[in-house]
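Q: Fold the following for me, if possible:
(one chain, ligands or ions: 1)
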Amino acid sequence: MRSHLLNDTTAERYRSSVTEGIERVAAKLATTDRPFTGVTVDALAPRIDAIDLDRPLHDTAAVLDELEDVYLRDAIYFHHPRYLAHLNCPVVIPAVVGEAVLSAVNSSLDTWDQSAGGTLIERKLIDWTTARIGLGENADGVFTSGGTQSNLQALLLAREEAKPGRVGWEEGASFAKLRIFASEVSHFSVKKSAKLLGLSPDSVVSIPVDHDKRMQTVALAHELERCKKDGLVPMAVVATAGTTDFGSIDPLPEIAELCEQYGTWMHVDAAYGCGLLASIKYRDRIDGIERADSVTVDYHKSFFQPVSSSAVLVRDAATLRHATYHAEYLNPRRMVQERIPNQVDKSLQTTRRFDALKLWMTLRTMGADGIGQLFDEVCDLAVEGWQLLAADPRFDVVVQPSLSTLVFRYIPAAVTDPADIDRANLYARKALFASGDAVVAGTKVGGRHYLKFTLLNPETQASDIAAVLDLIAGHAEQYLGETVVRAS
Ligand SMILES: *Cc1c(COP(=O)(O)O)cnc(C)c1O
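A: Numbers count the residues shown, from 1 in each chain. Predicted coordinates:
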């Protein structure tokens, strides 16, 4: 069994085994003609159930053959131009090289003595990101597993900073007084974080959005004022720079003004919109982000990085102390005086992947402009898609894209019952998924079912969008033809 350990004596096995795995994936990528096979849970589950984990195959080729059957054949392929569903990007090759390196070396970024250069590389990428945002000299941050964890950590810091000396907070006050303000289309991790942070069930105040799905700052000002009047504490405003559903960007400068006025922590959730930090054409769309106290970025959404790759950034490095605990065995307090850089002092995680290496390889190979150019292409594609939808009488499209998302629905000319229109759209999404021809997402707008394209693949063409719209219309028409006609 020792021959399976990766070390000086097994270099040849390592090389050949990893190469075999890479060959399978390369062959798959080259021959995948649809984003999905349309396999059902009922068809796939028995194949996985049938495998006896206590009877290993011992041989890499045999295991890869089996993997083809239980995973590779029926996986969802984000690199395919007709995968248009969620916030998943095709990945860039330099990052995949980084992934191979980081898992083989297996550094752990909690302490210097488990990572050395890895720690310094991560720190340099954090500095690079805070400089792109414009957070100033005292900024810092840390890589995380994703936007959910970044938002949680940012709100933990905001909670701790809200306590002393802030308006409305007196000794003995409980977390029940704290309020977070976020738009009605902000990410659900804000509410989850509030729960994990021990805040009250009504701690997250939902602020309505305007026609373009951007937070209404007049309503925010009103709620902040009411919070103050009620003797509550405005702990944080979460501005979303790229909402998950619409890609809409809250008015950051106006929100920054209000945060300053009310002494409130400004968190910008740029999990999606962070791609604009590298943009060549559209960087100004997130102007105002530099005024944030904390920022969430998901490189695994708009920097074309493999999952996971995310970070939380803060204006004031000192605030990260709220996540600091010392353990004698790992990061004793004296190491701070000795200036030994232990990233665990800033992180919610302990053992932690060297995900930063993927971004490092990407920037060293392609440069920031390379990433920005790819992101600009998908933003431009979204505009083309919007024009197609707006000109097509079969569809209703919701907002003009600020990033690369389109939300729309099929509206048949002859059908007037809104419930039938809802069902036709739901059916079209399911039928499309089952066919594997394309994958699209869905959401609700004003209580009605809509469909969604999240465009993150620069290989997707306007002609793909047009073809998928025809497929959607075809499925919806078929459904209405079969059910509505039969019922009447
Ligand atoms: C995706 C997303 C998140 C959550 O990020 P994960 O990486 O999926 O944990 C948070 N906020 C917004 C706006 C997002 O789009």
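Q: who in this protein is up against the ligand?
A: Proximity of the chain to the ligand, by Cβ under 6 Å from any ligand atom, involves residues 87, 146-148, 151, 187, 189, 240, 242-244, 269, 271-272, 298, 310. (Each C-beta comes from the backbone N, C-alpha and C, glycine too.)
Q: In strands, which of the residues you listed appear?
A: Among the residues of the chain next to the ligand, DSSP state E puts 240, 269, 298, 310 in strands.
Q: TSV for those, including neighbour count, pLDDT and distance to Thr130?
A: Output for those, formatted as TSV (neighbours: other Cβ atoms under 10 Å; pLDDT from 0 to 100; distance: Cβ to Cβ, whole Å):
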residue	neighbour count	pLDDT	distance to Thr130
Thr240	31	98	20
Asp269	31	99	16
Asp298	28	98	16
Ser310	26	98	15
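Q: Next, the buried residues of the helix or strand hosting Val218.
A: Taking DSSP states H and E as the definition, Val218 sits inside helix 217-229. Buried residues in helix 217-229, counted by 16 or more other Cβ atoms under 10 Å: 217, 219-221, 223-224, 227.
Q: what helix or strand is Val142 on?
A: Secondary structure from DSSP H and E places Val142 in strand 140-144.
Q: now Arg73: how far from the ligand?
A: 26 Å (Cβ to the nearest ligand atom, to the nearest Å).
Q: and that residue, how many neighbours does it have?
A: Around Arg73 there are 14 other residues, counting by other Cβ atoms under 10 Å.
Q: which residue packs closest to it, ignoring adjacent ones?
A: Thr37 (6.5 Å; Cβ to Cβ, 6 or more residues apart in numbering).
Q: May I have the phi/psi pair for the one you found?
A: The phi/psi pair for Thr37 (degrees, to the nearest 10) reads phi -80, psi -10.
Q: Just confirm it contacts Tyr71, I think it does.
A: No. Look at Thr37 against Tyr71 with Cβ atoms under 8 Å: they stay out of range, at 11.5 Å.
Q: who has more neighbours, these two?
A: Ranked by neighbour count (other Cβ under 10 Å), Thr37 and Tyr71 place Thr37 first, with 17 against 12.
Q: how about the helices in the stretch 351-488 of the chain?
A: For the stretch 351-488 of the chain, the helices defined by DSSP state H, counting those that start in this stretch occupy 356-390, 418-435, 462-487.
Q: and Pro341, what does it touch?
A: Contact partners of Pro341, counting by Cβ atoms under 8 Å, 6 or more residues apart in numbering, are 112, 119-120, 123.
Q: And for the closest residue to the ligand within the stretch 51-200 of the chain, the neighbour number?
A: The nearest approach of the stretch 51-200 of the chain to the ligand comes at Gly147, 2.4 Å away (Cβ to the nearest ligand atom). Gly147: 26 surrounding residues under other Cβ under 10 Å.
Q: mind listing which of the residues of the chain next to the ligand are in helices?
A: Assigned to helices by DSSP state H, the following of those qualify: 147-148, 151, 189.
Q: Okay, domains of this structure per the record?
A: 2-77, 108-353, 365-487 (automatic domain parsing).
Q: Pick the most deeply packed of the ones you listed.
A: Ranked by mean neighbour count under mean count of other Cβ atoms under 10 Å, these are led by domain 108-353, which reaches a mean of 20.
Q: from what I can see Phe78 touches Pro90, true?
A: Yes. At 5.5 Å, Phe78 counts as touching Pro90 under the criterion of Cβ under 8 Å.
Q: Find residues that contact each of the two.
A: Among the neighbours of Phe78, those also in contact with Pro90 (Cβ under 8 Å, 6+ apart) are 456-457.
Q: Arrange the domains of the chain in CSV, one row each, with distance to Gly98 as further columns.
A: Listed next are the domains of the chain as CSV, based on distance: least, Cβ to Cβ, whole Å:
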stretch, distance to Gly98
domain 2-77, 14
domain 108-353, 9
domain 365-487, 9
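Q: Thanks a lot, see you next time.
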